[in-house]
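# give me the fold of what follows.
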Amino acid sequence: MPAIQSLTMVYDALNEDRTFSEGDPLTGKVTLALEKPTAIQSFFVKVKGDAQVRWTTRSGNHNHTHSARRRYFKLKHFFSEESATETVLPQGVHVYNFSFTLPSVSMPSSFRGTYGKIVYMLEAKLSRSWKVDKTVERVIVFHSKSFPNLQSLMLRQVAVKDKELGIFSSGKVHMEVTVDRTAYAPGETAMVVAKINNNSSSDMIPKVRLSQVIVYTASSSTKHENGTISKLVGHNIRPHSEEEVRWEVKIPTNMQPAIKNCEIISVDYYLKVYLDISFAFDPEVTFPVIIIPRNLASVGQPAVSGIGWGQQNSDFHAGAASAPFYPPSPNRYQGAQAYSVPPPTYPASFAGPPVANPGPWGDYAGTAPYGSPSSQPSPSHVPYPPPNPSTFPLQPSAPLAYPSAPATHTTPSAPPSYMSATNFLSQSDEPPPAYSLIFPSSTNEGSSEAK
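Numbering: from 1, shown residues only. Take a look at the predicted model:
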């Protein structure tokens, strides 16, 4: 008859989604039922966070495996300390409570993809002499709250595009597109408005597409996974006419949060508005979209720690700028828990890596739309502190005026000016803005053991 009848574990939920974030308490209990007195060597519960990627490429007759792993933390709580002498537990049901405090440093949200995953795990383990270890595991869902100032992400985005048609068509197309904000929670709706002046000889169809771009990184190699989440099509616009098209782009309820604070996995989202014109290059504008957890979706949410904005080599002007801030992380917490590996370290200031010019990638194929996570910051990228919201009051009663001329990039010698709306003017055919400027990667390059 086996000595161990059952080993179970439960944890206490903090919200209806049963998610956790940086600095949250994690409590629960482990229940051990024994059929007879049992000698044990050690008994503990641990919580850990790990990211890993893995894929295989073929070169000639040889396969090459690319893999990388990051350990963010591991905490243990001992019910019975490891020792040379065994501890005998009596027959019956034994209940053990545990309590952890998750680290307050920036950590990526839970994620599972084709070539990698980010997993946060609770595990209880009972060890006995000459016996197989008895374990029980529970996956916890972690949603990072390391985002820029959410109030700045709730401002509208505006872009203007002018395109001269040639060869098979003649004339000019003017397109002005507005997106109501940048940050959305799963289940919310993005409002997109396009004002189109078709002063050409061609018909055209306006379209909008919400896309996801995932990049896996291992050493100097990357693996891209691109997908279209939704696509909406407007009605045909005749030559020499002007139309206003409105779309409501629904954010799926199962959308994973954006990830830019992980060295080996990034998850980005984009809204692309373009005009489908036969026998011509399609005019297009692209907006970054940041998917945030539902508990951060309120417009009035106070600022949370995250990666700051920096000036960027792009037609998209940066919003509110702030230097990076990372909360201090103690090496030990109250109670019996302790780090088994050093906590991750972060730079005091990082304005973001330089932006490469990968060329046109309207369908998100080929080169990544941002620099490598290991790229070094350019001296020309100067972070600025965010403005005080009270210094720049919004005027909801006043209509928003759209500039008719391209705006000039703010020089690094002075902080940029801020408006109640973020204007992206006269976009060229360059790629969309680099997410690495919004979420630069952590410098924690140390890999850890799996246990």
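# dump the residue contacts of residue 91.
Counting by C-beta atoms under 8 Å, 6 or more residues apart in numbering, residue 91 makes contact with 34-37. Bear in mind the C-beta positions are built from the backbone N, C-alpha and C, glycine included.
# quick one: residue 19 and residue 145 touch, right?
No: the criterion here is C-beta atoms under 8 Å, and residue 19 misses it with residue 145 at 10.2 Å.
# neighbours around residue 222, how many?
By the measure other C-beta atoms under 10 Å, the count of residues near residue 222 is 18.
# again with residue 92
12.
# what's the pLDDT at it?
In this model, residue 92 is scored at 93, pLDDT.
# for the remainder of this discussion, apply numbering that starts at 323.
New numbering, starting at 323: the last item is residue 414.
# that one bridge partners, please.
residue 356 (DSSP bridges).
# I'd guessed it sits against residue 356; true?
Yes: using C-beta under 8 Å, residue 414 is in contact with residue 356, at 6.3 Å.
# now residue 487: how far from residue 447?
Per C-beta to C-beta, to the nearest Å, residue 487 is found 67 Å from residue 447.
# neighbour-wise, which of those two wins?
Neighbours were counted for residue 487 and for residue 447 using other C-beta under 10 Å; residue 487 has more, 21 against 18.
# quick one: secondary structure of residue 617?
helix (DSSP: H, G, I helix; E, B strand; the rest coil).
# show me how the chain divides into domains.
Split into domains by automatic domain parsing, the chain comes to 326-464, 472-647+667-759.
# next, count neighbours for residue 617.
16.
# list the contacts for it?
Taking C-beta under 8 Å, 6+ apart, one finds 337, 339, 341, 465 in contact with residue 617.
# and the pLDDT at it?
According to the model, residue 617 carries a pLDDT of 81.
# so it versus residue 512, what's the distance?
19 Å.
# would you single out the least confident of the domains of the chain?
Among the domains of the chain, domain 472-647+667-759 scores lowest, with a mean of 68.
# of the contacts of residue 413 - the most surrounded one?
residue 356 (19 neighbours).
# next one: that residue from residue 327, what distance?
6 Å.
# what of residue 337?
33 Å.
# give me the next element, helix or strand, following whichever strand or helix holds residue 592.
Residue 592 belongs to strand 587-598 when assigned by DSSP states H and E. Counting by DSSP H and E, the next helix or strand C-terminal to strand 587-598 is strand 606-613.
# compare residue 341 and residue 467 (neighbour count), which wins?
residue 467 (21 against 18).
# what about the more buried one, is that helix, strand or coil?
coil.
# going along the chain, name the helices of the stretch 373-522 of the chain.
Assigned by DSSP state H, counting those that start in this stretch, the helices in the stretch 373-522 of the chain fall at 472-475.
# can you give me the strands in it?
Here the stretch 373-522 of the chain has its strands, by DSSP state E, counting those that start in this stretch, at 384-402, 409-411, 414-423, 433-434, 438-449, 456-464, 478-487, 493-501, 505-506, 511-522.
# which elements pack onto the third one?
Contact partners of strand 414-423 among helices and strands, from 3 or more C-beta pairs under 8 Å, 6 or more residues apart in numbering; DSSP states H and E: strand 347-356, strand 364-381, strand 384-402.
# dump the strands of the stretch 373-522 of the chain to TSV, plus distance to residue 331.
Listed next are these as TSV, based on distance: least, C-beta to C-beta, whole Å:
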stretch	distance to residue 331
strand 384-402	12
strand 409-411	17
strand 414-423	9
strand 433-434	22
strand 438-449	5
strand 456-464	5
strand 478-487	45
strand 493-501	44
strand 505-506	35
strand 511-522	39
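# need the winner for burial among the ones you listed.
strand 505-506 (a mean of 24; mean count of other C-beta atoms under 10 Å).
# that strand - which strands sit beside it in the sheet, and in what orientation?
For strand 505-506, pairing defined by DSSP bridges yields strand 606-613 (parallel).
# the inter-axis angle of the partner strand versus strand 511-522?
180 degrees (axes from the mean of the first three to the mean of the last three C-alpha atoms, to 10 degrees).
# tilt between strand 606-613 and strand 587-598?
150 degrees.
# now strand 606-613 against strand 478-487, angle please.
160 degrees.
# which one of the helices and strands packed on strand 414-423 lies closest to residue 613?
Taking C-beta to C-beta, strand 364-381 is the member of these nearest to residue 613, at 18.3 Å.
# other SSEs contacting that closest one?
strand 347-356, strand 384-402, strand 414-423, strand 438-449, strand 527-540, strand 543-555.
# and it, what's buried?
364-375, 377 (16 or more other C-beta atoms under 10 Å).
# who touches residue 511 in this structure?
570-573.
# so what's residue 366 up against?
Contacts of residue 366 (C-beta under 8 Å, 6+ apart): 398-402, 446-447.
# give me the phi and psi for residue 363.
phi -90, psi -40 (degrees, to the nearest 10).
# number of residues surrounding it?
Neighbour tally, residue 363, other C-beta under 10 Å: 18.
# check the gap between it and residue 351 for me.
22 Å.
# what does residue 400 give?
15 Å.
# please name the bridge partners of the closest residue in space to residue 614 that isn't next to it in sequence.
Distances taken as C-beta to C-beta, 6 or more residues apart in numbering place residue 505 nearest to residue 614, at 5.1 Å, with adjacent residues excluded. For residue 505, the beta-bridge partners are residue 612 (DSSP bridges).
# what's residue 505 in contact with, if anything?
469, 472, 475-476, 611-614, 618-619.
# my read: residue 509 touches residue 573, true?
Yes: using C-beta under 8 Å, residue 509 is in contact with residue 573, at 6.3 Å.
# which one of these two has more residues nearby?
residue 573 (19 against 13).
# picking up where we left off before, would you mind checking the contacts of residue 617 for buried ones?
341, 465.
# just send the contacts of residue 617 back as TSV, with distance to residue 496 and secondary structure too.
Below are the contacts of residue 617 laid out as TSV (distance: C-beta to C-beta, whole Å; DSSP: H, G, I helix; E, B strand; the rest coil):
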residue	distance to residue 496	secondary structure
337	46	coil
339	44	coil
341	44	strand
465	41	coil
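# okay, the contacts of residue 617 in TSV with distance to residue 585 next?
Below are the contacts of residue 617 laid out as TSV (distance: C-beta to C-beta, whole Å):
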residue	distance to residue 585
337	28
339	26
341	23
465	19
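# ok, now which ones touch residue 390?
374-375, 539-541, 585-586, 769.
# any idea which of those residues is closest to residue 454?
Of the contacts of residue 390, the one sitting nearest to residue 454 (C-beta to C-beta) turns out to be residue 374, at 25.2 Å.
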